[in-house]
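Undergrad: Need coordinates for the below:
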Amino acid sequence: MNVQTSLRADRTELMRLAREEAYSTPLKDFHPGAPRLFQNDTWQPWFERLRKEEPVHYCTNAPIEPYWSVTKYNDIMHVDTNQGIFSSDARLGGIGIRDLPEGFDWPSFIAMDQPKHSAQRKTVSPMFTPTHLDELAKLIRERSARVLDSLPRNETFNFVDRVSIELTTQMLATLFDFPWEERRKLTRWSDVSTALPKSGIVESPEQRRQEMDECRAYFANLWNERIKAPPQNDLLSMMAHSDATRHMDPDNLMGNIILLIVGGNDTTRNTMTGSVLALNENPEQYKKLRENPELIDSMVPEVIRWQTPLAHMRRTALEDTELGGKTIRKGDRVVMWYVSGNRDEEMIDRPNEFIIDRPRPRTHLSFGFGIHRCVGMRLAELQLKIVWEEMLKRFDRIEVVGEPRRIYSSFIKGYETLPVRIPG
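TA: Residues are numbered from 1 along each chain as shown. Predicted structure coming up:
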């Protein structure tokens, strides 16, 4: 039995056991936001059952405050596009299923309501215009080529570290005009800012505070440099010279910086890794891609759907409202499970299959909708497109040779390691 066959057999047994547990657990005892379900990659049957039996479900059986799970595509769209009823405001709890630890509830434009949200978001949106993306594309291609050419042949290595983190961190350093030799600090701060206590990323709340204080001080120095310098084409300079953001208090500045770091790091890096895993798990699709490289254009949005790098976004109800036949009360937490909406059988044909030539591959929720739709989504797609164009030029295939190690989180749906080998 080869490695791929063995991994598939292990996976089949794991999912059999997960399905057994999900369908034997009473709905009143469901906690679909349990991080272990995502770390073990056994979340699917839990959400499948909720979509079938109780698409809007109130969870009271969790070590966190009770929350509503919204699991179907159209219901998620309703919540995401009705910001007058469902708030993102950090002061009400923000965008994660768990409230941020005290002292970390920094407001950012994704965790703000109108009108402040759009004013701050507009400040950084010029970074993602078609003209600027054309310029960034040249840089992405040069760097992708350099990183891929440095990879070993016939030797196992961690794709997450050598490719996904390296390429996304290089891009982040460019977007912020961050000191190049210290760019891995951005990866670390991104990981620490979203880490749960049991994730193993930080050992204590004190360590987390110390590292985030370092991040705050580092960016405060960069911010002061940009304010004094003429306007430049980087995210910090854009915010420093815009009326909507130049007078932000330190917490708001930190909130926006963390948002842009996490948005630029975790989502792209985990989808990049997920694309290699998905193609290895579906060898007929990998063969199809090698024979028709132009399918990259539809493969990219399909893998963004398949991976769903942010499993959920949370809102807080501003008033009593009804959804899916349930009454949601003012102040209730409402969790939009993008990861479930992206597998909704009523909206997506054969949603549990990875199909790189889907007719409508952009029918997915991974970037959100409404005013909070991901500002950098076109850059994320561009990075994935270019790295796969360059990989197909160089390698007949990249083989996954062991189980991935996934992140302990029900928010960031990602990977710590993916062992791979390039035959050569």
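Undergrad: Look up the closest residue to V56, ignoring the ones flanking it.
TA: Nearest non-adjacent residue to V56, counting by C-beta to C-beta, 6 or more residues apart in numbering: G324, 3.4 Å away. Bear in mind the C-beta positions are built from the backbone N, C-alpha and C, glycine included.
Undergrad: That neighbour is in contact with V70, isn't it?
TA: Yes - counting by C-beta atoms under 8 Å, G324 sits close enough to V70 to count as a contact (7.5 Å).
Undergrad: Quick check: neighbours shared by these two?
TA: By C-beta atoms under 8 Å, 6 or more residues apart in numbering, G324 and V70 have these common neighbours: P55, V56.
Undergrad: ok, the residue nearest to V56 - contacts?
TA: By C-beta under 8 Å, 6+ apart, the contact list for G324 reads P55, V56, V70, K72, D75.
Undergrad: run the last query once more with 7 Å
TA: Residues in contact with G324 (C-beta atoms under 7 Å, 6 or more residues apart in numbering) are P55, V56, D75.
Undergrad: And for H57?
TA: Counted by C-beta under 7 Å, 6+ apart, H57 has contacts L27, F30, L50, W68, S69.
Undergrad: Could you pull up the residues touching the fourth one?
TA: Same thing as W68. W68 touches V56, H57, Y58, I328, D332, R333, V334, V335, counting by C-beta under 7 Å, 6+ apart.
Undergrad: M299 too?
TA: L289, I356 are the contacts of M299 under C-beta under 7 Å, 6+ apart.
Undergrad: Please identify which helix or strand holds it.
TA: Per DSSP states H and E, M299 falls inside helix 296-307.
Undergrad: do V79 as well
TA: Taking DSSP H and E as the criterion, V79 maps to helix 73-80.
Undergrad: Check which helices and strands that helix is in contact with.
TA: Secondary-structure packing of helix 73-80 (3 or more C-beta pairs under 7 Å, 6 or more residues apart in numbering; DSSP states H and E): strand 333-337, helix 338-341.
Undergrad: So what's the gap between the helix or strand that it is followed by and the chain middle?
TA: Sequence-wise, the next helix or strand downstream of helix 73-80 (DSSP H and E) is strand 86-87. With C-alpha atoms, centre = their mean, to the nearest Å as the basis, strand 86-87 stands 21 Å off its chain's centre.
Undergrad: Relative to strand 86-87, what are the paired strands and their orientations?
TA: Here strand 86-87 has these sheet partners by DSSP bridges: strand 312-317 (antiparallel).
Undergrad: Give the rounded mean pLDDT of the partner strand.
TA: Per-residue pLDDT values across strand 312-317 average out to 95.
Undergrad: So, low pLDDT: which residues of the stretch 1-150 of the chain?
TA: For the stretch 1-150 of the chain, applying pLDDT under 70 flags the ranges 1-7, 100-122, 127.
Undergrad: Now do the helices in it.
TA: 3-24, 35-39, 44-53, 73-80, 116-124, 130-149 (DSSP state H, counting those that start in this stretch).
Undergrad: Distance from the chain centre to the first one, please.
TA: A distance of 25 Å separates the centroid of the chain from that of helix 3-24, by C-alpha atoms, centre = their mean.
Undergrad: and it, what does it pack onto?
TA: helix 44-53.
Undergrad: Tell me, please, where in the stretch 201-350 of the chain the pLDDT is lower than the cut-off.
TA: Within the stretch 201-350 of the chain, not a single segment meets pLDDT under 70.
Undergrad: Could I get the full set of strands for it?
TA: Applying DSSP state E, counting those that start in this stretch to the stretch 201-350 of the chain gives strands spanning 312-317, 321-323, 326-328, 333-337.
Undergrad: could you dump the helix holding V79 to PDB, C-alpha only?
TA: In PDB, the C-alpha atoms belonging to helix 73-80 read as follows (Å, rounded to 0.1, in the frame of the first residue of the first chain):
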ATOM      1  CA  TYR A  73     -25.700  29.500   2.500                       C
ATOM      2  CA  ASN A  74     -28.700  31.900   2.100                       C
ATOM      3  CA  ASP A  75     -29.100  32.400   5.900                       C
ATOM      4  CA  ILE A  76     -25.400  33.300   6.200                       C
ATOM      5  CA  MET A  77     -25.800  35.700   3.300                       C
ATOM      6  CA  HIS A  78     -28.800  37.300   5.100                       C
ATOM      7  CA  VAL A  79     -26.700  37.900   8.300                       C
ATOM      8  CA  ASP A  80     -23.700  39.100   6.400                       C
END
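Undergrad: List the contacts of that helix.
TA: 55-56, 70, 86, 315, 323-324, 334, 336, 338, 341, 344, 347, 365, 368-370.
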